[in-house]
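Engineer: Coordinates for the following, if possible.
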Amino acid sequence: MIEDLKRALGDGAVLTGADMAPWSQDWTGQYAWTPLCVVRPRSTEEVAAVMRLAHAAGVAVVPVSGHTGLSGGTQAEGAVMLSLDRLDEIEEIRPEARLARVGAGVILSNLHDAVAAHGLCFPMTFGAKGSARIGGILATNAGGSNVLRYGNTRDLVLGLEAVLADGRVVDLMSELHKNNTGFDLRHLLIGSEGTLGVITRAVLKLVPAPKAFATAMVAAETLDAALVLLNRLQEMTGGAVEAFEFMPRAYMEAYAAMHPEARAPFDDVYDVNILVELGATAPRDVTPGPDGEVPLASYLEEVLATLFEEGLVMDAVVAQSDAQRSAFWARREAAAEVSLSRRPAVVNDVAVPLDYVARFLDTARDRVAAIDPQAQDMTVAHLGDGNLHYVVWISDAGLKDPVMQAVEDVVLSLGGSFSAEHGIGTSKLPSMARRKDPVALDMMRAIKQALDPKGILNPGKTVPPA
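Structural biologist: Okay, the predicted model is just below:
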């Protein structure tokens, strides 16, 4: 198999032995494996050649992009690991149509920089933007800090191209906003985690880049009070809230311990801390007035002052410079570093209705304490869309599954989801088997069997066996 791949791609595109080390464990260090080899194709045609060879030989193939996943979705013991890092061309940016055609290997931050030169933005961002690649972002239907305004990844994709398990290429590179010609195969592939096809190219939606931001750290009385703030800001700004991120006291204290050089946003320590950011493009919102103040910042300050008088906001600091704004965001984007700073840890990526977030935290904490009185939870949340990264530091690794199940019980009792944006991979397979509707699982298995009858594409991930 390795010799066949070398003949198809050239020796330099097939790695073995020690050269595979960067592709032999995940970012968290929780999972490690030894691939059969790592292949680095340069084009869709070479990806197709790899899949044809693997299909004929019945050898497993695990696609990988930026390798920054958190759910064990790229474990590849004995498999061909197919890296998309060389498919990194930004093929075209069309400002008038507000779209970009890109390869799956394009790094997210590089795309941000390229479209910014046209006054545009690809509105998907998160802490790993400097290493995450478009293929992986689509394969996991990634979320981020501005889903509140722009939606998840699938909401930002017009079309894509993918290579199927047998090497056939499906061309869905539509640039249309309306295309009602049968099943939407684009959305079937987005979020399938490489189990149905290898995404190689995409057509992405762009939006006008905000010409001004107003960013603040806000201490609220309660989470319910924070939701009042969110709704007031949405009404006053016409939906200009880009991010609304919750960091509780424990998170703020853990970050301060890890980064003593960082200046705290408040003199006091509060239970509910919100990073709120508004973005605007309209001249009426971004053109400074006679006093030099940007109207967008005035809106934010006005709402904060009103809620302070009502007792719902306890403290607030509005960023006065790009450096201060960056410091606010650095604290939030250190979430993975903070959450995984202690082991063993039970990592939950859950979603509940916005007005149930406080109930979830209170109930989950009680349920976890009944199992492990020494456990400590560590939360950070995209509060604007109800997505919580709820990590529990447990005293004994043997308690991982009972704690996970307890959290799932609470989530589902509130009508939530046990996986919001990180995907299933292998870490959430038991959850899928326990919690997913059985008929839905049967449908997923039927689709997998139809598109990958030999089961070679990222086997053992996403869909649990019958």
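Engineer: Please count neighbours and contacts with C-alpha atoms only from this point.
Structural biologist: OK.
Engineer: Which residue ranges of the stretch 301-450 of the chain form strands?
Structural biologist: With strands called from DSSP state E, counting those that start in this stretch, the stretch 301-450 of the chain shows them at 313-318, 345-351, 376-382, 387-393.
Engineer: closest to Ala334 out of those strands?
Structural biologist: With respect to Ala334, and counting by C-alpha to C-alpha, the nearest of the strands of the stretch 301-450 of the chain is strand 376-382 at 10.1 Å.
Engineer: the inter-axis angle of the closest one versus strand 387-393?
Structural biologist: With axes from the mean of the first three to the mean of the last three C-alpha atoms, to 10 degrees applied, the angle from strand 376-382 to strand 387-393 works out at 170 degrees.
Engineer: Strand 376-382 - which strands sit beside it in the sheet, and in what orientation?
Structural biologist: Note on strand 376-382: by DSSP bridges, its sheet partners are strand 241-248 (antiparallel), strand 387-393 (antiparallel).
Engineer: So what touches that strand?
Structural biologist: Around strand 376-382, the neighbours that count as contacts under C-alpha atoms under 8 Å, 6 or more residues apart in numbering are 144-145, 243-248, 250-251, 335, 339, 365, 387-394.
Engineer: can you check stretch 145-160 too?
Structural biologist: When contacts are taken as C-alpha under 8 Å, 6+ apart, the neighbours of stretch 145-160 outside the stretch itself are 123-126, 137-138, 141-144, 171-177, 186-187, 190, 199-206, 239-245, 382, 384-385.
Engineer: Save the strands of the stretch 301-450 of the chain as CSV, and put in mean neighbour count, distance to Ser419 and mean pLDDT too.
Structural biologist: Supplementary listing: these in CSV, determined by neighbours: other C-alpha atoms under 10 Å; distance: least, C-alpha to C-alpha, whole Å; pLDDT from 0 to 100:
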stretch, mean neighbour count, distance to Ser419, mean pLDDT
strand 313-318, 20, 31, 95
strand 345-351, 22, 5, 93
strand 376-382, 21, 13, 94
strand 387-393, 23, 9, 96
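Engineer: Thr426 is nearest to which of these?
Structural biologist: Between Thr426 and those, the shortest gap by C-alpha to C-alpha is with strand 345-351, which sits at 12.8 Å.
Engineer: Which strands or helices does the closest one pack on?
Structural biologist: Judged by 3 or more C-alpha pairs under 8 Å, 6 or more residues apart in numbering; DSSP states H and E, the packing partners of strand 345-351 are strand 387-393, helix 400-413.
Engineer: returning to that earlier point: Leu312: which of the strands paired with strand 376-382 is closest?
Structural biologist: Closest to Leu312 of those is strand 241-248 (C-alpha to C-alpha; 15.3 Å).
Engineer: Tell me the first helix or strand C-terminal of the closest one.
Structural biologist: Using DSSP states H and E, the helix or strand that directly follows strand 241-248 along the chain is helix 249-258.
Engineer: what's the angle from that next one to strand 376-382?
Structural biologist: Between the axis of helix 249-258 and that of strand 376-382 there is an angle of 100 degrees, by the same axes, to 10 degrees.
Engineer: Who are the packing partners of helix 249-258?
Structural biologist: Of the remaining helices and strands, those touching helix 249-258 by 3+ C-alpha pairs under 8 Å, 6+ apart are helix 335-339, strand 376-382.
Engineer: Distance to Leu441 added to the ones you listed, as CSV?
Structural biologist: Output for the helices and strands packed on helix 249-258, formatted as CSV (distance: least, C-alpha to C-alpha, whole Å):
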stretch, distance to Leu441
helix 335-339, 30
strand 376-382, 28
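Engineer: ok so, going back, a markdown table for the strands of the stretch 301-450 of the chain, including distance to Thr462?
Structural biologist: As requested, the strands of the stretch 301-450 of the chain are arranged in a markdown table below (distance: least, C-alpha to C-alpha, whole Å):
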| stretch | distance to Thr462 |
| --- | --- |
| strand 313-318 | 42 |
| strand 345-351 | 15 |
| strand 376-382 | 24 |
| strand 387-393 | 19 |
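Engineer: quick one on the thing from earlier: and the helices and strands packed on helix 249-258: which comes nearest Asp452?
Structural biologist: Taking C-alpha to C-alpha as the criterion, Asp452 comes closest to helix 335-339 out of these, the separation being 33.7 Å.
Engineer: secondary structure class for the residue with the largest distance to the centre of the chain?
Structural biologist: Residue farthest from the centre of the chain, counting by C-alpha atoms, centre = their mean, is Pro290 at 41.0 Å. Three states are possible here, and by DSSP: H, G, I helix; E, B strand; the rest coil the one that applies to Pro290 is coil.
Engineer: rewinding a little: can you tell which of the strands paired with strand 376-382 is closest to Ser83?
Structural biologist: In this view, the strands paired with strand 376-382 are compared for proximity to Ser83 by C-alpha to C-alpha, and strand 387-393 is the closest at 27.8 Å.
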